[in-house]
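> pasting the sequence and the predicted coordinates here, then a few questions.
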Number of protein chains: 2
Amino acid sequence: MEERKKKILQAIIDEYINTAEPVSSGALVHKYGLDFSSATIRNEMAELEKTGYLDKPHTSSGRIPSAQGYRFYVDELIKEDDLSLEEIKYIQSKLETRVNAIEDLTKIATNTLSEITHYTTVAIGPKTGYQNIEEVKFVLLGTRMLMAVILTDTGIVKETIIKFDDDITEEQVNTLNFIFSNKLKGKPLEEIDKPLEEYIFSEMNYSLSVIKPVMEQLNKVVNEESQIYLEGANKAFELPEFKSLEVAKNFINLLDTKEIVLDLLNTGFANDINVYIGDEQQNEQLKDFSIITFKHRYQDKDLGTIGIIGPKRMDYSKVISVMKYISKKLNE
Amino acid sequence: MEERKKKILQAIIDEYINTAEPVSSGALVHKYGLDFSSATIRNEMAELEKTGYLDKPHTSSGRIPSAQGYRFYVDELIKEDDLSLEEIKYIQSKLETRVNAIEDLTKIATNTLSEITHYTTVAIGPKTGYQNIEEVKFVLLGTRMLMAVILTDTGIVKETIIKFDDDITEEQVNTLNFIFSNKLKGKPLEEIDKPLEEYIFSEMNYSLSVIKPVMEQLNKVVNEESQIYLEGANKAFELPEFKSLEVAKNFINLLDTKEIVLDLLNTGFANDINVYIGDEQQNEQLKDFSIITFKHRYQDKDLGTIGIIGPKRMDYSKVISVMKYISKKLNE
DNA sequence: GTTTAGCAATCAAACTAAAAGAGTGCTAAA
DNA sequence: TTTAGCACTCTTTTAGTTTGATTGCTAAAC
């Protein structure tokens, strides 16, 4: 694309992100000091529309970016936004909070991101199955209840309660601790499965009435979908696009249908910031929204994904800058 | 109030709950087979308005119930709604799911209530501090991390992670288990406080560098606000009152501002179903909504509160009937 | 004394028409 | 290749009208 077209496209998208109104050729001349007449810009705009980067709500209106336009903008035109001193200070103070559980850090990061960007933020923890087991412990609670505690190499602690029909002895708890420690230390969580159950039963010759409920419950933990953190759902309602009842409804439905959100957060590559633009997605429910996600990592270990959901007319450069900064800080 | 006025008031509220449209004198004659002319009903309506039970959006429109009208309806006029066989079967099948943790049951009940009534449902667990401690156990995870597990008499398990700057020995863990078991078994959780810390330190002469982080973390658990369960936020958007952007925004804000919801769920008497009608509440944010709550109990022990948030024009009799049924089933 | 038929008055909602205004596309000149 | 100029398009705004539902009141009927 010629330099001039790029300039015009960028100006249009910047302006549209700011005002939420279709952008006219005249406005570009006034506000962006482009050194061509509005007629020239009009010609370029017509071409940008023909090649798919712009749309027109109706014949005699200004232009708005198409999904393809946003994509080009995000991939090629965007310039980093410098965070203000206040923003940096705010983020630092929030992230410095001492936490004992990783999950609390995710929560804080999610909240901070929402506060700074004024968009709705969602997050999930790391995939359970891929984490490695550092330690497994069984604790007797009362006489017929066992708590299993699993510590993973990412520092996440999973626990679950197991109930039995008969009393459990200290003896049995010790055996369980012994078996599982030996068998599982260092292995990924997903290895807690059927074969393991059979192995334990055949090799160890250990009572099925004890091992069965244990395996059942542990399996549940391994396969359970991660908790979703949601922050600032109300923030979206300040945006002009949410004046449309249709859009507002779709948004709430989206947040309520956890599968879609989960799916999106689970996609995406490791270290990068991923931008999903509405119509690009196959999913009809996403067509009005854009989603930007990043993986929250520490020492190369996946600690979950944090994302922002907003209108396609999102302040991409601001959001991406803030995400980069938070991501960097989290890694430290 | 005279019998005839009651009949008319009830018919108006029933009709308004059904249609969401102001109710005219004529409609009452047609649909409710009242044996008076529309003129007579008009006279009665005028009086009901003067005494505060009805409102009029504008001079030449039909009537809508006022908060006072709804209150009278709920307290005096409402008739129980029989659940359909399908509904009963659905509720039973949902509540029969085997769960290991009480929290899961609350979750299921919340979901069921929302599915059956088509309203948005919220719930919280029981107040932590009032529960009695049945058992406290400390488990060593790695070398500098301890997990504290507290089992309460309501069957709820609280756990927290405690990190230390130095290594912890098995020896120390045993001492902790001994001290806390002896000191706390049978006591309410809120007794984990400053005096206890001092007692342990002075009497037991136990290292402060160990006891301090433990107490700090346990304290956090005792005082942490209960998790909020939310189901069917999107359901509200199907209702005609949510055509108004203002109302929709207030609703989302309400759900996002957890304090208000928490406050409401925490009020209310033990065994009963509590109905809060919009304007009756001091809180400006609640003026468009009604909230119906009940305490979820098992063998006289408080297991949390479940509530429904919807428009003032809620199907009170349906909601109350379903709640009564679910409440009864939960208690079993 | 209570009820009701009848009717003028009220007001939102729907419809119509006209005008204003913003912006484009195209043509022809620079 | 750029741009001034202008006709054309289409939304938005405004005003005015009509329609229709519903009430409140009066006076007659029960």
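Sure thing, it's come through.

> mind checking which helix or strand the residue nearest to A:Tyr32 when sequence neighbours are not counted is in?
Closest residue to A:Tyr32 apart from its sequence neighbours, by CB to CB, 6 or more residues apart in numbering or on different chains: A:Ala11 at 4.5 Å. Where you see a C-beta, it was placed from the backbone N, CA and C, and this is true even at glycine. A:Ala11 is located in helix A:3-19, with elements delineated by DSSP states H and E.

> okay, buried residues for that helix please.
A:Lys6, A:Lys7, A:Ile8, A:Leu9, A:Gln10, A:Ala11, A:Ile12, A:Ile13, A:Asp14, A:Glu15, A:Tyr16, A:Ile17 (16 or more other CB atoms under 10 Å in any protein chain shown).

> re the thing from before, got a list of what the residue nearest to A:Tyr32 touches?
A:Val23, A:Leu28, A:Tyr32, A:Leu34 (CB atoms under 8 Å, 6 or more residues apart in numbering or on different chains).

> need the contact list for the nearest residue to A:Gln299 once chain neighbours are set aside.
Setting aside the residues directly before and after it, A:Gln299 is nearest to A:Asn331 in space (CB to CB, 6+ apart), at 7.8 Å. The neighbours of A:Asn331, taking CB under 8 Å, 6+ apart as the test, are A:Arg297, A:Tyr298, A:Gln299.

> and what of A:Tyr199?
Contacts of A:Tyr199 (CB under 8 Å, 6+ apart): A:Lys183.

> quick one on the thing from earlier: just the closest of the contacts of A:Ala11 to DNA strand C, please.
Closest approach to DNA strand C among the contacts of A:Ala11 (CB to the nearest atom of the strand): A:Val23, at 7.0 Å.

> count of residues packed around A:Val157?
22 (other CB atoms under 10 Å in any protein chain shown).

> how far away is it from B:Thr293?
Separation of A:Val157 from B:Thr293 (CB to CB, to the nearest Å) stands at 33 Å.

> likewise for A:Lys324?
44 Å.

> got the residues of chain A near chain B?
Within reach of chain B by CB under 8 Å from any CB of the partner chain, chain A has these residues: A:100-101, A:134-135, A:137, A:139, A:141-142, A:145, A:147, A:149, A:151, A:157, A:159-163, A:217, A:232-234, A:237, A:242-243, A:245, A:248-249, A:252-253, A:255-256.

> could I have the buried ones of the residues you listed as ChimeraX selection syntax?
Entered in ChimeraX, the line below selects the buried ones among the residues of chain A next to chain B, by 16+ other CB under 10 Å:
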select /A:100,134,135,137,139,141,145,147,149,151,157,159,160,161,162,163,217,232,233,234,237,242,248,249,252,255,256
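
> starting at the chain centroid, how far to the helix or strand where A:Gly307 lies?
Assessed by DSSP H and E, A:Gly307 sits inside strand A:301-311. Relative to its chain's centre, strand A:301-311 lies at 2 Å (CA atoms, centre = their mean, to the nearest Å).

> put the alpha carbons of that strand into CSV.
Provided in CSV are the C-alpha atoms of strand A:301-311 (Å, rounded to 0.1, in the frame of the first residue of the first chain):
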residue,chain,number,x,y,z
LYS,A,301,5.6,-21.3,32.9
ASP,A,302,2.0,-20.7,31.7
LEU,A,303,0.0,-19.1,34.5
GLY,A,304,-3.1,-18.3,32.5
THR,A,305,-4.5,-15.9,30.0
ILE,A,306,-5.8,-12.4,30.5
GLY,A,307,-8.0,-10.7,27.9
ILE,A,308,-9.9,-7.6,27.1
ILE,A,309,-13.3,-7.6,25.4
GLY,A,310,-14.6,-4.5,23.8
PRO,A,311,-16.1,-3.0,20.7
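
> and the furthest pair within the contacts of A:Ala11?
Across the contacts of A:Ala11, the longest distance by CB to CB is 12.1 Å; it joins A:Val23 and A:Leu34.

> so these two - more neighbours on which side?
Neighbours around A:Val23 and A:Leu34, counted as other CB under 10 Å, are more numerous at A:Val23. The numbers are 25 against 18.

> got phi/psi on the more buried one?
The phi/psi pair for A:Val23 (degrees, to the nearest 10) reads phi -100, psi 130.

> tell me what it is bridged to.
A:Arg63 (DSSP bridges).
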